[in-house]
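Participant: one predicted model, sequence on top.
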Amino acid sequence: MTSQNRIYQQNVWNRYEGPTWLVAILIYGGFGTTVVFSEVLGLAVALPILTLLIAWQSSLTHECVHGHPTKNVWLNSVIGGPPLSPHVPYARYMDIHLHHHSVDHLTKPGLDPESFYFTPSEWQRLSPFMRRLHTFNMTLLGRMIVGPLMDAMTSISADFWAILNGDKRIAAIWLGQAGLVTALFVLLGLYGITWWQYILFCVYPASGLMRVRSFLEHRPGPTQSKRTAIVESGWFWSLLFLNNNLHVVHHDRPRIPWYQIPAYYRANKAAIAKKNGGYVMPSYGAVFRNYFFKPLDVPVHLPIVASGTTSPAITVLHESVSLPHTATEPQI
């Protein structure tokens, strides 16, 4: 095969988003195969495999929300929408995530729907227990253990109140989700996997695993460009997250397919690091070492002045929380 033919084939493969289609086939094919042969494999083997596939599907869903692998919104929803994570309807994730991309002040409570921060007044109204819980959620361990439950309770309760207030669209989304999840649970049951085993030993750990990626991908900062991180990683995390760990690239160029992100990052690495204020971690090993037990930040969104430091007016609030504010640069 000539080099010209190889280039042509590669272009065709990428033009029709072959890598994304391949990931979808591997996820759903692997999920179905693992379920069907779960009794042969044993649950001790089958459930961890399902956990990884559910986490991987979360990354695929993210790609679909951003217009991949087709230009057809409905077809993308079919590809990314199977409810392997029952608590996250595709349409609601799409609403929230695209809103996240549209805000002009990432991490600010009340504006960014994916923020983990509180306003100072909200923080002061929390009970001591809830303050400790949200502070624990600012450690990587906490984000992986309690983060999935806290996020699910927040999003589901918000949708519940919206439905009670007459939002028929959200009600229809959840009604459809309930039907699909019921069918999934019935299918799993036919092969010896109960619904509670699936939720407790597959969905929850997968949700915790995905929070390794989202843990520090955004921070408060003096400008929008300094609020998004880069985490360089090896093949495992990069493939699991479909390169969304190079998060600055994703926010700057959200229509770039996942398999083209690394090349773009390598070509613009110095400029990207300068633009985001050096908010770069060399590996997920560094993330674990620095923040597995140590809070990344206080859970309070505090004013950031032009120099990148917090306003002196909030010194007392810092002391009451008893944590450093790392809104300038994380320790590596």
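Facilitator: Yep, it's here.
Participant: can you tell me the element Pro262 falls in?
Facilitator: helix 261-267 (DSSP states H and E).
Participant: which elements pack onto that helix?
Facilitator: helix 247-252 (3 or more CB pairs under 8 Å, 6 or more residues apart in numbering; DSSP states H and E). Heads up, the C-betas are built off the backbone N, CA and C, glycines and all.
Participant: please name every helix or strand in contact with the helix it packs on.
Facilitator: Using 3+ CB pairs under 8 Å, 6+ apart, helix 247-252 is in contact with strand 230-231, helix 261-267, helix 269-275.
Participant: what pLDDT, on average, does the second one get?
Facilitator: What it means is helix 261-267. If you average the pLDDT over helix 261-267, you get 95.
Participant: pull the residues that contact it.
Facilitator: Ile230, Ser238, Asn243, Asn244, Leu246, Val249, His250, Arg253, Ile256, Ile272 (CB atoms under 8 Å, 6 or more residues apart in numbering).
Participant: try it again at 7 Å.
Facilitator: Asn243, Leu246, Val249, His250, Arg253, Ile256, Ile272 (CB atoms under 7 Å, 6 or more residues apart in numbering).
Participant: once you drop chain neighbours, what's closest to the first one?
Facilitator: Nearest-residue entry for Asn243: Ile261, 4.2 Å, with adjacent residues in sequence omitted and distances by CB to CB, 6 or more residues apart in numbering.
Participant: going along the chain, name the helices of the stretch 51-200 of the chain.
Facilitator: For the stretch 51-200 of the chain, applying DSSP state H, counting those that start in this stretch gives helices covering 73-80, 90-102, 120-125, 128-136, 140-145, 147-164, 168-190, 195-198.
Participant: got a list of what Leu111 touches?
Facilitator: Contacts of Leu111 (CB under 7 Å, 6+ apart): Val103, His105.
Participant: again, 10 Å this time
Facilitator: Contact analysis of Leu111 by CB atoms under 10 Å, 6 or more residues apart in numbering lists His99, His100, Ser102, Val103, Asp104, His105, His301.
Participant: any idea how far Met130 is from it?
Facilitator: Distance from Leu111 to Met130, counting by CB to CB, to the nearest Å: 22 Å.
Participant: and the nearest residue to Glu122 once chain neighbours are set aside, its phi and psi?
Facilitator: In this structure, Glu122 finds its nearest non-sequential neighbour in Pro109, 6.7 Å apart by CB to CB, 6+ apart. As for Pro109, its main-chain torsions (degrees, to the nearest 10) stand at phi -60, psi 140.
Participant: check the one 4 residues further on too.
Facilitator: Pro113 adopts backbone torsions of phi -70, psi -10, taken as degrees, to the nearest 10.
Participant: and for Met130, the neighbour number?
Facilitator: Counted with other CB atoms under 10 Å, the neighbours of Met130 add up to 13.
Participant: meant to ask about Ala158, not that
Facilitator: Neighbours around Ala158, by other CB under 10 Å: 14.
Participant: so what's it up against?
Facilitator: Contacts of Ala158 (CB under 10 Å, 6+ apart): Arg92, Ile96, Pro113, Ile170.
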